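Enquirer: sequence-free structure coming up:
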């Protein structure tokens with residue numbers, strides 16, 4: 001079992017999902033379940049704080065894309081913030097930096113999404 005944690009909190013009307021540790025293939029089902037639960041039961045915007053993320057596999061990126069698309073279909077926002085340099089390089093390489101809306105930090109994301 002990898003060292004991976006998902007913390008969910010609220011900041012204004014947005015749900016904040018903080019990913020901590022290594023999001024490898026063994027953890028993606030748990031990540032998908034967390035996103036689906038927020039989208040289906042709570043609704044609203046989602047801010048994914050990646051400041052504590054050390055690693056994310058390609059399947060983990062797919063989980064982020066699925067959640068983004070589900071939010072988009074529901075008319076809500078799904079954004080990333082506090083992206084570590086190593087993860088930013090991965091997003092750049094895969095051109096997902098132009099797919100996702102990225103914010104420097106959680107406060108900036110909350111200000112933009114909460115009005």
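Expert: Happy to help now that I have it. Quick caveat: nothing in here was measured; it's all calculated off a predicted structure.
Enquirer: pLDDT at the residue nearest the centre of the chain, what is it?
Expert: Nearest to the geometric centre of the chain sits residue 48, at 3.1 Å (CA atoms, centre = their mean). Note on residue 48: pLDDT of 98.
Enquirer: In contact with the closest residue in space to residue 74 that isn't next to it in sequence, which residues are there?
Expert: The spatially closest residue to residue 74, leaving aside those adjacent along the chain, is residue 39, at 6.4 Å (CB to CB, 6 or more residues apart in numbering). Every residue, glycine included, has its C-beta placed from N, CA and C. Applying CB atoms under 8 Å, 6 or more residues apart in numbering, we find residue 39 in contact with 46, 67, 70-71, 74, 76.
Enquirer: Which positions within the helix or strand of the chain with the lowest mean pLDDT qualify as buried?
Expert: Sorting the helices and strands of the chain by mean pLDDT, DSSP states H and E puts helix 106-114 at the bottom, at a mean of 92. Neighbour-count burial for helix 106-114, with 16 or more other CB atoms under 10 Å as criterion, is recorded at 106, 109-110, 112-113.
Enquirer: Next: stretch 33-44.
Expert: Those would be 34-35, 38-39, 44, for stretch 33-44 by 16+ other CB under 10 Å.
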